[in-house]
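Undergrad: build the 3D model from these lines:
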Amino acid sequence: MSQRQVSFQTAFIYTSLTIAIGAGFLLGAHLALPMGFNWNLPEHLPVWIQVHGHLQLVGWVGLFIVGVSLYFIPRFLKTPLPYPHLPLWILCLITTGLIVRSISEFVIAYSQPSIYSGIASITLPISALAEWTGIMLYLFLIARMHRVTDTPSQHFAMVKPFFLMMVSGFFVYESLQLAQVFFFDVTERLPWNQFSINFFIAFTLLALPIAFATRTFPLFLQLPPIRFPFQRLGIAYLLATLVMLLPEIPGLGVSENTAFVSAATVSQVVRAFLILWIVWELKLYHKMLLTTDAFLMRYFEPDYIDAWQKSVTFQRARRGYFDFGEFGRFELLIYSAFVWLSVYAVFEFTDGVSTLFSLDVSFGRDPGRHAFLLGFVTLLIMGMGLRMLPGFVQKNGVEYPKLAIWLAVLGNIAVFLRIVPIALHTTWLGSNETLLEMMLYGFGVSGLFALSALILFSVTIMTTLQRSGIKDEQMTSVLSASCECMHQHERGHRERQVEALMC
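TA: Numbers count the residues shown, from 1 in each chain. Sure, this is the predicted structure:
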């Protein structure tokens with residue numbers, strides 16, 4: 001089975017990072033600066049916002065997810081990747097369609113009417129079709145692997161609802177994006193685009209990280225094995241999300257029904273509570289409290305980096321983890337990501353309760369969305385990328401592991417400056433013009449902090465993927481030490497359980 005597994009396609013990561021730096025995050029920084037400093041906004045602002053969002057969702061996050069999942073899922077399901085030549089076609093179709101579509105939308109907005117806008121009106125649907133075809137081929141591979149897998153049901157049952165949500169999120173989002181170009185006029189596109197984004201965020205971008213977390217966090221973060229039936233939480237989250245999104249479907253007429261709107265608001269509150277519950281069951285809050293104290297007291301560990309740079313013969317693993325520091329403080333990015341996910345859930349919970357009881361406390365959609373996309377998704381990709389990608393290409397660590405701390409600092413500053421001014425603008429900052437102006441300046445430079453963090457992440461990952469792999473005897477030494485740490489952790493966990501039972 002292992003001989004038939006395809007190697008990791010690093011081209012997905014290179015393309016994802018290139019689009020994020022050269023287009024997605026760059027456009028975000030370009031839009032945040034005039035908003036924060038009260039400069040003139042670009043003409044055709046809705047086009048800029050839509051292109052920026054689509055590049056981030058499909059180019060940055062989407063390609064990263066596709067590349068990692070095509071390597072991870074076949075091994076998780078214990079089945080080889082069918083049609084191993086398709087990933088290259090998937091990458092070409094998605095990338096070409098995404099770039100041509102973005103250029104076409106700008107050309108149509110700025111050169112109409114002209115021969116260029118006429119050409120762009122032809123390339124726009126073709127590029128949207130190419131992008132949709134690439135995503136459908138990806139979903140075909142996922143469905144094919146699930147159909148032929150011989151993995152025992154207990155290995156897949158816990159994450160199956162999240163797995164199905166991930167697939168449905170990709171399908172609905174890309175299908176609606178294609179339908180907007182072919183069948184909807186300009187006035188109809190905005191609500192359908194908004195609904196497709198909300199669907200993609202609620203399904204794919206939350207379901208997939210949770211599924212990954214249940215399988216990888218016990219190893220990466222030395223957490224206790226997950227015993228809680230996550231399948232039930234997944235089903236409850238699925239039902240709550242469907243009811244919550246029902247009034248947002250354009251033309252359905254449900255938004256005019258008071259009963260449906262109230263049910264959707266209640267579902268929003270329930271969904272927020274379920275998100276917090278999921279994070280709690282992952283035992284991340286407990287680990288964060290233990291790590292915070294250790295991090296403050298041991299900012300520099302003498303054997304943290306030097307031992308890795310001098311020799312691959314490690315004396316001991318980091319306290320509380322199975323690695324030796326060769327991946328940097330990647331856990332800070334993961335913890336930060338789930339803190340911002342909790343903030344997003346609190347925003348959603350507060351907005352739902354204020355709507356139900358007619359309270360004047362509401363943060364709006366924008367702060368919560370960026371707490372999720374920039375705070376949770378982006379920081380989680382960086383943290384998991386530092387920890388997982390080197391192993392995908394047989395590397396025993398990342399280049400420049402000390403940069404992980406700077407990634408966490410810059411990333412959290414960017415998220416804080418991006419969401420706090422908008423979240424507090426309509427509530428506590430309305431009467432304090434000086435503080436409001438300072439916060440808006442921070443909002444303006446938030447995009448630059450995010451772009452700086454992404455550049456550092458790209459430098460670390462690209463240099464890691466490009467350097468030569470480790471030798472077999474070095475990998476054996478590392479794996480042996482890691483396995484010994486895991487066995488000690490499992491024995492200690494069992495001993496604590498026995499002591500608790502005896503007491």
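Undergrad: where does the residue nearest to the spatial centre of the chain land in three-state SS?
TA: Nearest to the geometric centre of the chain sits V377, at 2.7 Å (C-alpha atoms, centre = their mean). When classified by DSSP: H, G, I helix; E, B strand; the rest coil, V377 comes out as helix.
Undergrad: name all residues that make contact with it.
TA: 61, 205, 209, 337 (C-beta atoms under 8 Å, 6 or more residues apart in numbering). Using the backbone N, CA and C atoms, a C-beta is placed for each residue, glycine as well.
Undergrad: ranges for the strands of the chain?
TA: Read by DSSP state E, the chain holds no strands at all.
Undergrad: hmm, which two among the contacts of V377 are most spread apart?
TA: V61 and A337 (12.8 Å; C-beta to C-beta).
Undergrad: compare these two (neighbour count), which wins?
TA: For V61 versus A337, neighbours defined as other C-beta atoms under 10 Å are more numerous around A337 (28 against 23).
Undergrad: next one: the more buried one from K283, what distance?
TA: 15 Å (C-beta to C-beta, to the nearest Å).
Undergrad: still on that earlier bit, so what sits against both of V61 and A337?
TA: In contact with both V61 and A337: 377-378, using C-beta under 8 Å, 6+ apart.
Undergrad: state the number of residues packed around D360.
TA: 7.
Undergrad: point out where the stretch 401-503 of the chain drops to low pLDDT.
TA: Within the stretch 401-503 of the chain, the segments meeting pLDDT under 70 span 425-432, 468-503.
Undergrad: with the chain instead?
TA: 1-4, 148-155, 290-317, 425-432, 468-503.
Undergrad: closest to T258 out of the contacts of V377?
TA: Among those, and counting by C-beta to C-beta, the member closest to T258 is L205, at 30.3 Å.
Undergrad: now do the same contact list for that closest one.
TA: 61, 169, 372-373, 377.
Undergrad: how about TSV for those residues, with distance to M35 added?
TA: As requested, the contacts of L205 are exported to TSV (distance: C-beta to C-beta, whole Å):
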residue	distance to M35
V61	23
G169	29
F372	20
L373	17
V377	22
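Undergrad: for the stretch 1-150 of the chain, what spans make up the helices?
TA: 10-19, 25-37, 45-54, 63-76, 86-110, 115-148 (DSSP state H, counting those that start in this stretch).
Undergrad: any chance of those in a markdown table, plus mean neighbour count and distance to R271?
TA: Converted to a markdown table, these look like this (neighbours: other C-beta atoms under 10 Å; distance: least, C-beta to C-beta, whole Å):
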| stretch | mean neighbour count | distance to R271 |
| --- | --- | --- |
| helix 10-19 | 21 | 28 |
| helix 25-37 | 19 | 26 |
| helix 45-54 | 18 | 22 |
| helix 63-76 | 21 | 21 |
| helix 86-110 | 19 | 29 |
| helix 115-148 | 17 | 24 |
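Undergrad: of those, which is nearest P250?
TA: helix 45-54 (15.8 Å).
Undergrad: that closest one: how far from the chain's middle?
TA: 19 Å (C-alpha atoms, centre = their mean, to the nearest Å).
Undergrad: what does it rub up against?
TA: Under C-beta under 8 Å, 6+ apart, the answer for helix 45-54 is 24, 27-28, 30-31, 42, 98, 101-102, 105-106, 109, 177, 190, 193, 197.
Undergrad: likewise stretch 216-229?
TA: Contacts for stretch 216-229 (C-beta under 8 Å, 6+ apart): 158, 214, 281-284, 287, 320-323, 330-331, 334, 384, 387-388, 486, 489, 493.
Undergrad: the same query, at a cut-off of 7 Å, please.
TA: 214, 281-283, 287, 320-322, 331, 387, 489, 493 (C-beta atoms under 7 Å, 6 or more residues apart in numbering).
Undergrad: out of these, which is most surrounded?
TA: Using other C-beta under 10 Å as the neighbour test, the contacts of stretch 216-229 are led by E331, with 27 neighbours.
Undergrad: for that residue, which non-adjacent residue is closest in space?
TA: Closest residue to E331 apart from its sequence neighbours, by C-beta to C-beta, 6 or more residues apart in numbering: L221 at 6.0 Å.
Undergrad: how much space separates the one you found from L233?
TA: For L221, the distance to L233 - C-beta to C-beta - is 19 Å.
Undergrad: neighbour-wise, which of the two wins?
TA: Set L221 next to L233 and count neighbours by other C-beta under 10 Å: L221 wins out with 22 against 19.
Undergrad: how much space separates that one from L282?
TA: 9 Å.
Undergrad: so how far is K283 from Q9?
TA: For Q9, the distance to K283 - C-beta to C-beta - is 33 Å.
Undergrad: now do T463
TA: 33 Å.
Undergrad: kindly report the same for Y173.
TA: Distance from Y173 to K283, by C-beta to C-beta: 31 Å.
Undergrad: and if you look at W406?
TA: 27 Å.
Undergrad: now F12
TA: On the measure of C-beta to C-beta, F12 and K283 end up 31 Å apart.
Undergrad: go on, Q222?
TA: In terms of C-beta to C-beta, Q222 sits 10 Å off from K283.
Undergrad: now K395
TA: 28 Å.
Undergrad: now do M462
TA: M462 is 33 Å from K283, by C-beta to C-beta.
Undergrad: repeat for F392
TA: Taking C-beta to C-beta, one finds F392 at 26 Å from K283.
Undergrad: give me phi/psi at K402?
TA: The phi and psi values for K402, taken as degrees, to the nearest 10, are phi -70, psi -20.
Undergrad: ok, Q222 next?
TA: According to degrees, to the nearest 10, Q222 has phi 50, psi 50.
Undergrad: count of neighbours near it?
TA: 20.
Undergrad: please apply the same query to H370.
TA: Neighbours around H370, by other C-beta under 10 Å: 23.
Undergrad: for L41, same thing?
TA: 11.
Undergrad: that one against A32, yeah?
TA: No. Counting by C-beta atoms under 7 Å, L41 does not reach A32; the two are 10.8 Å apart.
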